[in-house]
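Peer 1: Turn this into a structure:
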Amino acid sequence: MTAEKIAIIGGAGELGFGLALRWAKAGEDVTIGSREAAKAAEAAARVKAAVPDAKIAGFDNVQAASAASIVVLAVPFAAQAGILKTIKPVLKTAILLDASVPLAAEVGGRPTRMLGVWEGSAAQQAAGLVPGVSVVSAFHNVSAEMLHDLNMRLDCDILISGDDASAKERVSALVKLIPGLRPLDAGPLEMSRVVESITALMISLNRRYKTHHGGIRITGLPV
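Peer 2: Down below sits the predicted model:
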């Protein structure tokens, strides 16, 4: 357990809800954020049903982000800019953990293709929208379906990119709370463009091999 207060914006979605479940089970203080407070409260109640002793609550995005030390943005790329503009005034000293992926499916294209982002990646776009906030990119290649099954042990590396070493260490500590996940420092935030694109590759592989459980492991590392 860490001393972080985690807000998951998009916590009612597949990835966000899975992370909320796993961190709640690990004893973390988690708040789910949604545009509609009622939707966030409903998702928090579902977490509580699965993890009875969970420290969990649900509020609208601004209220959820306002008290957090780490704000996880687990929303579709199309919603990223609008949500960040809304919560920007309350981010203060929080770390922003961006898990957005600019898939072409966002504009009616194929989910195995990436959109071109002027800044280079979704995380770099996020950094430009909230100047002065430490932005870390992570959780692009883990199976949301597996996160939802609390009886399933994961087997996946989480590639973390960012320009703030301290922020990456704090995010790494959260990754380690989820059994089977290994945090790896993937370098500066500019590497997020490479990491995000792996999502499209994983979707293609999952389709080809008819699974939703594909993840990545980097071999030969001394960690």
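Peer 1: Could you check the pLDDT of the residue most central in space within the chain?
Peer 2: The centre of the chain sits closest to Ala99, judged by Cα atoms, centre = their mean, with a distance of 4.0 Å. pLDDT recorded at Ala99 is 96.
Peer 1: again, but for Leu147
Peer 2: Confidence at Leu147, expressed as pLDDT, is 94.
Peer 1: So it belongs to a helix, correct?
Peer 2: Yes: secondary structure of Leu147 (DSSP: H, G, I helix; E, B strand; the rest coil): part of a helix.
Peer 1: show me what contacts Leu184?
Peer 2: Contacts of Leu184 were listed using Cβ atoms under 8 Å, 6 or more residues apart in numbering, and they are 157-160, 218, 221, 223. Using the backbone N, CA and C atoms, a C-beta is placed for each residue, glycine as well.
Peer 1: An error on my part: the question was meant for Trp118.
Peer 2: Contact analysis of Trp118 by Cβ under 8 Å, 6+ apart lists Gln125.
Peer 1: wait, is it part of a strand?
Peer 2: No: assessed with three-state DSSP, Trp118 is coil; it does not lie in a strand.
Peer 1: picking that back up, among the contacts of Leu184, the buried ones, what's the ChimeraX command?
Peer 2: In ChimeraX syntax, the buried subset of the contacts of Leu184 is picked out as below (16 or more other Cβ atoms under 10 Å):
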select :157,158,159,160
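Peer 1: out of the contacts of Leu184, which one sits closest to Ala68?
Peer 2: Of all the contacts of Leu184, Ile160 has the smallest distance to Ala68: 18.2 Å, by Cβ to Cβ.
Peer 1: Where does that closest one fall, secondary structure wise?
Peer 2: strand 156-162 (DSSP states H and E).
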